[in-house]
Every structure is written in structure tokens, then in C-alpha cells.
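In: The following comprises the amino acid sequence and a computationally predicted model.
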Amino acid sequence: MIRRLLVAAAVLTLAACMEVEQASTPERQAGQTVRRDTAAWNNEPLANGPKWSKGDRTSWEEQIKKRQLAQHEDRRIYQ
């Protein structure tokens, strides 16, 4: 009786460790549209957030660099 319980517990424990196959993209169903992400610099800047020119990758990258420098602890202290 105890042996059967131990075997059952071992089987359940191993079943819980089973890895389920994961797909990166689900299968498309009929009539379903796929929405793709746009590049970050092609979006409108937030109304009260940092500003960049829509569609200009260089201005967006400059804004990101400024934001990263503001988050750098050594540079923030000595400003």
C-alpha cells in the first residue's frame, strides 16, 4: 500500500516537471489580422513626456541618451 502511494507520488512529481512545448507565434485563424509593432521613433511623443521629432530616429536616440544620463547616479549627483 505504501509502495503504491510512493510510486504514485513519484509519477505525479515527475509529471509536474514536464516541459510544455511553447510556440513563439500562435497559429493564425481565419479572419484574424496580425498587428505588427512600429518603430519607437515613428510614434507620437507623449504630451507631457520627452520630446522628439516623429519619424526621426536620430532625435529619438538623442532623447534616449539624455534620459540615460539623467539616470546615471554619478552624473546626477554632480549636476
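Out: Right, received. Where do you want to start? Since this is a predicted model, take the numbers as computed values, not measurements. Numbers count the residues shown, from 1 in each chain.
In: So for Leu5, what pLDDT did the model give?
Out: At Leu5, the model reports a pLDDT of 90.
In: and it, how many residues sit next to it?
Out: Leu5: 9 surrounding residues under other Cβ atoms under 10 Å. (Glycine included, C-beta is placed from N, CA and C.)
In: Check which helix or strand it maps to.
Out: Assigned by DSSP states H and E, Leu5 belongs to helix 2-16.
In: starting at the chain centroid, how far to that helix?
Out: Put simply, helix 2-16 sits 37 Å off its chain's centre (Cα atoms, centre = their mean, to the nearest Å).
In: Extract the C-alpha set from it and format it as PDB.
Out: What follows is helix 2-16 as a C-alpha-only set of coordinates in PDB (Å, rounded to 0.1, in the frame of the first residue of the first chain):
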ATOM      1  CA  ILE A   2       2.700   2.400   1.000                       C
ATOM      2  CA  ARG A   3       4.800   1.400  -2.000                       C
ATOM      3  CA  ARG A   4       1.900   2.300  -4.400                       C
ATOM      4  CA  LEU A   5       1.500   5.700  -2.800                       C
ATOM      5  CA  LEU A   6       5.200   6.400  -3.200                       C
ATOM      6  CA  VAL A   7       5.100   5.300  -6.800                       C
ATOM      7  CA  ALA A   8       2.000   7.500  -7.400                       C
ATOM      8  CA  ALA A   9       3.700  10.400  -5.700                       C
ATOM      9  CA  ALA A  10       6.800  10.000  -7.800                       C
ATOM     10  CA  VAL A  11       4.800   9.800 -11.000                       C
ATOM     11  CA  LEU A  12       2.900  13.000 -10.100                       C
ATOM     12  CA  THR A  13       6.100  14.800  -9.200                       C
ATOM     13  CA  LEU A  14       7.700  13.900 -12.500                       C
ATOM     14  CA  ALA A  15       4.600  14.900 -14.400                       C
ATOM     15  CA  ALA A  16       4.700  18.300 -12.800                       C
END
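In: Quick one: the helices in the chain, in order.
Out: 2-16, 57-71, 73-77 (DSSP state H).
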